[in-house]
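Asker: A predicted structure for the sequence below; I have some questions about it.
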There are 2 protein chains.
Amino acid sequence: MAGDTRDAIVAAARAEFSAKGYDSTSLRAVARRAEVDPALVHHYFDDKADLFAATLSFPIRPDILVAEVLRGPRDAIGATIIRTIVTQFDAGPARDALLGLLRTALGHEFAAGMLRQFLVREVLGRVAAVISTEIGTDDADLRASLAASQIVGLIFARYGIRIDALAEASNDEIVRRIGPVVQRYLLGE
Amino acid sequence: MAGDTRDAIVAAARAEFSAKGYDSTSLRAVARRAEVDPALVHHYFDDKADLFAATLSFPIRPDILVAEVLRGPRDAIGATIIRTIVTQFDAGPARDALLGLLRTALGHEFAAGMLRQFLVREVLGRVAAVISTEIGTDDADLRASLAASQIVGLIFARYGIRIDALAEASNDEIVRRIGPVVQRYLLGE
């Protein structure tokens, strides 16, 4: 029951952040959308940033994703990463949450930090660290960051501003075109 | 004199949009920062979207950029595009303007449309159209969009959320790593 209320608040917050952006979202409006007393929002969450963080629960845990990527063959790493992203993004909540994070990250350092931590430190940095040891390079951070730039750009262009040709491309086409680029960044010379 | 006032308003607007984001910027605050009467802002600009568009005057015209890219050797197209971007972005105003556009584009369709038009239709689409005719492919739109996704991602990650390894890399390093990717998207098999 308590969990239901908290879940309802998080779902309402995700919808409000997605529709209005971080700055224009009020905890009062979230409470109204969730049909709960505003005091309950303050009961479950410290402040707006805390509530925002709660909306970002991704359907897949970073450590599981990293393990999955590293379990497969090395020449499929780029494709596996891109396929995981586009498949996850077929579902609305994961897409809305990450787009909200992208949008907020350009104006708020706390959100920029969350995005850097999730993308680079938790996921790509771990993959790049293992690979760099295997192939003997010492630029794992730069490799992870370059891969992150392409992934952020894909999300921004396909799901954010919806550039026609990217928004209409099939998941297979996206994996076929962008997988090799992420592969190159992580494992290329 | 009139031009000076208009320029002062645009400069103030660029600073306000950059600091507060599109939604939280008021024309009144822009007037205050520019030290002009609010009525003057309304004299020069129809509304906030019009003023926002005026802040986006890029230091290089799209048609000149396209001509420059196409004048060079075909195997340097990716590097030329990336070098032009990072060089332009060494200057603050171009960087702030495009970051403001990225930020606003995720929440406002008019800004998303401006970004799509600038990146894809005016620049990369024209380059891709010429190249696709030369190499005989029929997917110029997708090629332009893929290149756009990497360019947006680079801007977002290096100048927006400032991922350490990307923010600290030299322009030469960025051109060396990302140029070949844009090259591949535009001209690869």
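Answerer: Yep, it's here.

Asker: grab the nearest non-local neighbour of the residue in chain A positioned nearest to chain B.
Answerer: Residue of chain A nearest chain B, by C-beta to the nearest C-beta: residue A:153 (2.2 Å). Every residue, glycine included, has its C-beta placed from N, CA and C. Spatial nearest neighbour of residue A:153, excluding adjacent residues (C-beta to C-beta, 6 or more residues apart in numbering or on different chains): residue B:153 at 2.2 Å.

Asker: need the contact list for the one you found.
Answerer: A:148, A:149, A:150, A:151, A:152, A:153, A:154, A:156, A:157 (C-beta atoms under 8 Å, 6 or more residues apart in numbering or on different chains).

Asker: that one: what secondary structure?
Answerer: Recorded secondary structure, residue B:153: helix (DSSP: H, G, I helix; E, B strand; the rest coil).

Asker: and the pLDDT for it?
Answerer: For residue B:153, the pLDDT comes out at 98.

Asker: one more: residue A:129?
Answerer: On the pLDDT scale, residue A:129 gets 95.

Asker: can you check the one 3 residues further on too?
Answerer: Predicted confidence (pLDDT) for residue A:132: 93.

Asker: burial of it, as a residue count?
Answerer: 19 (other C-beta atoms under 10 Å in any protein chain shown).

Asker: after the helix or strand of chain A with the lowest mean pLDDT comes which helix or strand?
Answerer: Least confident helix or strand, chain A: helix A:92-105 with a mean of 85, by mean pLDDT, DSSP states H and E. Note on helix A:92-105: by DSSP states H and E, the next helix or strand toward the C-terminus is helix A:109-116.

Asker: please see if that following helix touches chain B.
Answerer: Yes. Residues of helix A:109-116 are located near chain B by C-beta under 8 Å from any C-beta of the partner chain, namely A:112, A:115, A:116.

Asker: mind listing what's buried along the next helix or strand after that helix?
Answerer: Next along the chain after helix A:109-116, taking DSSP H and E as the criterion, comes helix A:125-135. By 16 or more other C-beta atoms under 10 Å in any protein chain shown, the buried positions in helix A:125-135 come out as A:125, A:126, A:127, A:128, A:130, A:131, A:132.

Asker: burial count for residue A:183?
Answerer: Residue A:183, neighbours per other C-beta under 10 Å, totals 20.

Asker: so which other helices or strands are in contact with the host helix or strand of it?
Answerer: In the assignment (DSSP H and E), residue A:183 maps to helix A:171-187. When contacts are defined as 3 or more C-beta pairs under 8 Å, 6 or more residues apart in numbering or on different chains; DSSP states H and E, helix A:171-187 sits against helix A:77-89, helix A:125-135, helix A:140-154, helix B:140-154, helix B:171-187.

Asker: for the very next helix or strand once past the third one, which outside residues touch it?
Answerer: Taking DSSP H and E as the definition, the helix or strand that follows helix A:140-154 towards the C-terminus is helix A:164-168. For helix A:164-168, the surrounding residues in contact (C-beta under 8 Å, 6+ apart) are A:154, A:157-159, A:174, B:116, B:141-142, B:144-146, B:148-149.
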